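# only geometry, no sequence info:
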């Protein structure tokens, strides 16, 4: 086993026991202290980050997008600090009692919401995840083990140093937030296999990272992220609404998981709907790839391949398919989708209900943009990623997703006959 | 990949889509039909079972306990059929809408309870699990892939044949309940790695089976079963109550996971409590293994080793330890326990609350026997096993544990700004 990872997990296990009993007020106070410290010490953070940026510039396979995600500046640090204050303002999920009831034998049985325990987060080169994840796990009474990408190691060490200093100053265990310093693959693999020490592992990043975690982890994992999302425009839909939602869901922020990747259009409205909406999409810089009928509307549309239907572009590219009816649209979604966010634009009551029932995804919309699948937009206040699996939690994961329910039973000497 | 397993999983995926939309009445009717068919055709089932029993008798490593679990007779078949009627009488969890609320932008967001989809069950030589698991997954709108032990293959084929016949007769997809006929290890391993086709895998059986599934599965798993449970007798406890609970929790049915394996006694009451309770336990045929102080009370107590504290005996054996205070008891439980069922006997208000808060287990009891951790006793009506993990569900898993919540969003053209 990997000594650093095991030692940190053991310390996390001890810290988790303490954190589970810390009152809400004390947790909020340390979040506020950390927020203040991040702002006060932003120069120091920016300096550490500059080291990461410089090292990254000389790496083979340099990507401007990754460089941008890696970058920290005063505004981004202030935004991360503000995020912590928002988490402090959220209601504490821990301690809620649900479903307490009296059994015929006089036993009183209910469930109390408790922290998960030790949560591992494996992520890539986004140092803001370090602050977010620490804030959410602290507020929900857990201990967290962070394992960020090697590109951000200097930034992460600086951020976690500041967080631990504030935990110590508040009299809380600094092992409540720890960073794995070894950015080698073996360290991540060790973290994936610490059954008994790690209660939950959340991978946050691209499909390759998520696949590696799912294939190698023996601890419970929540699958997040991949969003091959669709919008289906039904026969008889309000085409103006459909156009606005198409543009919004594709172009408002194309690089995120809740943006759409494929537009499905009922053949009865394709002639009327597609030519103008394609013009608008092309004007907005969107590359279009279509089925033969979709491609027939505009010479700029490239032919779509089988691969296009399965691809999460995360970019200004949209696949377009004309379908015979809603059944074909639903079949297409349930076949190629990643169970993330799916939408229909319709005026028909029965088809709206049927789409909601039959599409198998974390979030299914009628007459709204898929871009709303987000912890803040759903009213959870914050988000630890978006689950695309069915166990434990689907969709945006807020504080409650970092808790579990344990049974508590009050008796007066009952024994089983 | 394993052709039988993949083909059945693909059929299960299709069947799951159909089953998710079947109304409660139709699901209850097929459960009633299956129950009737099991009773009517019990001769046929007993004959198939006799083949299993005969083959098992000549196996190396024959165990009387396993032979008993394998055995089906008219009474056991009737009990399994009655179990199906009880499941039919339970409320259908599918379709419940929770937490529907209006967001400031006019979006109405809620969650609807839906089936998990395709559930895999890997179990050992208990053919009654075949009927139970089929009943629970059918009622909750899922499709199930059963993979029972080789010892029970003839019984399982006969039972699944009868179930599928009734599914067909009711116009439901017979692939809603399928049995993997290949009882080789490779078939089970294939089932563990069918991400995208299997939504949830539940191992039911001994520690070796559960360990294999956890280490090899890439699909989501719910860890069940192992119960190294404790009873702690506090200073000032009602010692009569404590003795009754000790006897009940150890001897009423020692072979099940919610029986206690270790008794922890506060040193202030050890002199008074242990001698008489040890006498009663010995009279009931319980072998005692104790710490030096516990062993000093009765010459029949063998010295306990470190291994004893971690062992789930599932037998008439009890480890006994005298502790200095509740803190030591809780530390012992959180260190050696399997997060299943833990109990305190106390008269002290603060310590009762503290024990409930600090013990990390699926079910924590004050003044009652751990033997109540059970789907029927908790009022769930039925049980698919007892989860000892923290994700998705802890403790007895009823119908709701076989469902998931998906977000449904009603809009009127909302786009994200």
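Thanks, I have it. On a predicted model such as this, the values are computed, not experimentally measured, just so you know. Residues are numbered from 1 along each chain as shown, chains lettered A, B, ... in the order given.
# wait, does stretch A:361-371 contact chain B?
Yes - contact between stretch A:361-371 and chain B is present through A:361-369, A:371 (criterion: CB under 8 Å from any CB of the partner chain). Heads up, the C-betas are built off the backbone N, CA and C, glycines and all.
# burial count for the nearest residue to residue A:337 once chain neighbours are set aside?
Closest residue in space to residue A:337, ignoring its immediate chain neighbours: residue A:228 at 5.5 Å, by CB to CB, 6 or more residues apart in numbering or on different chains. Counted with other CB atoms under 10 Å in any protein chain shown, the neighbours of residue A:228 add up to 23.
# What separation do you get for the residue nearest to residue A:285 when sequence neighbours are not counted and residue A:261?
In this structure, residue A:285 finds its nearest non-sequential neighbour in residue A:316, 5.2 Å apart by CB to CB, 6+ apart. According to CB to CB, to the nearest Å, residue A:316 stands 11 Å off from residue A:261.
# who has more neighbours, the two?
residue A:261 (29 against 16).
# near chain B at all, whatever helix or strand the more buried one lives in?
For residue A:261, the enclosing helix or strand under DSSP states H and E is strand A:260-266. No - using CB under 8 Å from any CB, strand A:260-266 stays clear of chain B, coming no nearer than 11.9 Å.
# Which SSE is immediately downstream of that strand?
By DSSP H and E, the next helix or strand past strand A:260-266 is helix A:267-283.
# Can you list the neighbours in contact with the next helix or strand after that next one?
The helix or strand immediately downstream of helix A:267-283 is strand A:287-290, counting by DSSP H and E. Applying CB atoms under 8 Å, 6 or more residues apart in numbering or on different chains, the contact partners of strand A:287-290 are A:278, A:281-282, A:294, A:297-298, A:300-305, A:308, A:316-321.
# starting at the chain centroid, how far to strand A:287-290?
Mean-position distance between strand A:287-290 and its chain equals 27 Å (CA atoms, centre = their mean, to the nearest Å).
# before we move on, the earlier item: in contact with the residue nearest to residue A:337, which residues?
Residue A:228 touches A:261-262, A:310-312, A:336-338, A:340, counting by CB under 8 Å, 6+ apart.
# same deal with residue A:272?
Neighbours of residue A:272 in contact, by CB under 8 Å, 6+ apart: residue A:239.
# domain assignment for chain A?
A:3-222+A:397-410, A:229-372 (automatic domain parsing).
# Is there proximity between stretch A:197-213 and chain B?
Yes - under the criterion of CB under 8 Å from any CB, stretch A:197-213 makes contact with chain B via A:199-200.
# burial count for residue A:280?
The burial count for residue A:280: 14, using other CB under 10 Å.
# distance of it from chain B?
13 Å (CB to the nearest CB, to the nearest Å).
# Repeat that for residue A:75.
Distance from residue A:75 to chain B, by CB to the nearest CB: 20 Å.
# and if you look at residue A:231?
Distance from residue A:231 to chain B, by CB to the nearest CB: 11 Å.
# Repeat that for residue A:36.
The value you get for residue A:36 to chain B, if CB to the nearest CB is used, is 29 Å.
# number of nearby residues for residue A:299?
Residue A:299 has 6 nearby residues by other CB under 10 Å.
# How about the residues of the stretch 301-417 of chain A by chain B?
A:334, A:356-358, A:360-369, A:371-373, A:377-379, A:389-395, A:404-416.
# Now go through these and say which are in strands.
A:363-368, A:395, A:404-414 (DSSP state E).
# Adding mean pLDDT, write the domains of chain A out as JSON lines.
Below are the domains of chain A laid out as JSON lines (pLDDT from 0 to 100):
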{"stretch": "domain A:3-222+A:397-410", "mean pLDDT": "96"}
{"stretch": "domain A:229-372", "mean pLDDT": "97"}
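# Rebuild these as JSON lines, extending it with distance to residue B:176.
Supplementary listing: those in JSON lines, determined by distance: least, CB to CB, whole Å:
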{"stretch": "domain A:3-222+A:397-410", "distance to residue B:176": "26"}
{"stretch": "domain A:229-372", "distance to residue B:176": "16"}
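# For residue B:107, which of these is the nearest?
domain A:229-372 (5.9 Å; CB to CB).
# can you give me the end-to-end distance of that closest one?
12 Å (CA to CA, to the nearest Å).
# Tell me the gap between it and the middle of its chain.
Worked out by CA atoms, centre = their mean, domain A:229-372 lies 22 Å from the chain centre.
# SS state for residue A:232?
Following DSSP: H, G, I helix; E, B strand; the rest coil, residue A:232 is assigned to strand.
# bridging residues for it?
residue A:264, residue A:344 (DSSP bridges).
# Can you give me every residue that contacts it?
A:264-266, A:323, A:326, A:329-330, A:333, A:342-345, A:355.
# Please apply the same query to residue A:52.
A:70, A:127, A:151-155.
# Over to residue A:213?
A:122, A:192, A:201, A:203, A:221.
# is it true that the fourth one touches residue A:123?
What it means is residue A:203. Yes - between residue A:203 and residue A:123 there is a contact under CB atoms under 8 Å: 7.4 Å.
# Show me which of these two is the more surrounded one.
Taking other CB under 10 Å, residue A:203 and residue A:123 do not tie; residue A:203 has more neighbours (26 against 22).
# That one - nearest residue in space that isn't next to it in sequence?
residue A:213 (4.0 Å).
# Over to residue A:110?
Closest to residue A:110 by CB to CB, 6+ apart is residue A:100, at 3.1 Å.
# Which element, helix or strand, includes the one you found?
Element membership of residue A:100, judged by DSSP H and E, is strand A:97-102.
# Toward the C-terminus, what is the element adjacent to that strand?
Heading C-terminal from strand A:97-102 (DSSP H and E), you reach strand A:108-115.
# and whichever helix or strand comes after that following strand, how far out from the chain's middle?
Under the assignment DSSP H and E, the closest C-terminal helix or strand after strand A:108-115 is strand A:118-123. Strand A:118-123 has its C-alpha centroid displaced from the chain centroid by 13 Å (CA atoms, centre = their mean).
# In its sheet, which strands sit next to strand A:118-123, and in what direction?
strand A:143-147 (parallel), strand A:200-204 (parallel).
# how about stretch A:82-101: buried residues?
Burial within stretch A:82-101, assessed by neighbour count using 16 or more other CB atoms under 10 Å in any protein chain shown, is assigned to A:83-84, A:87-88, A:90, A:92-94.
# Dump those into TSV; add distance to chain B and secondary structure as well.
Below are the buried residues of stretch A:82-101 laid out as TSV (distance: CB to the nearest CB, whole Å; DSSP: H, G, I helix; E, B strand; the rest coil):
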residue	distance to chain B	secondary structure
A:83	19	helix
A:84	23	helix
A:87	20	helix
A:88	22	helix
A:90	16	coil
A:92	14	coil
A:93	14	coil
A:94	10	coil
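# ok, and for the helix or strand that contains residue A:55, which residues are buried?
Using DSSP H and E, residue A:55 sits in helix A:42-57. By 16+ other CB under 10 Å, the buried positions in helix A:42-57 come out as A:42, A:45-46, A:48-49, A:52-53, A:56.
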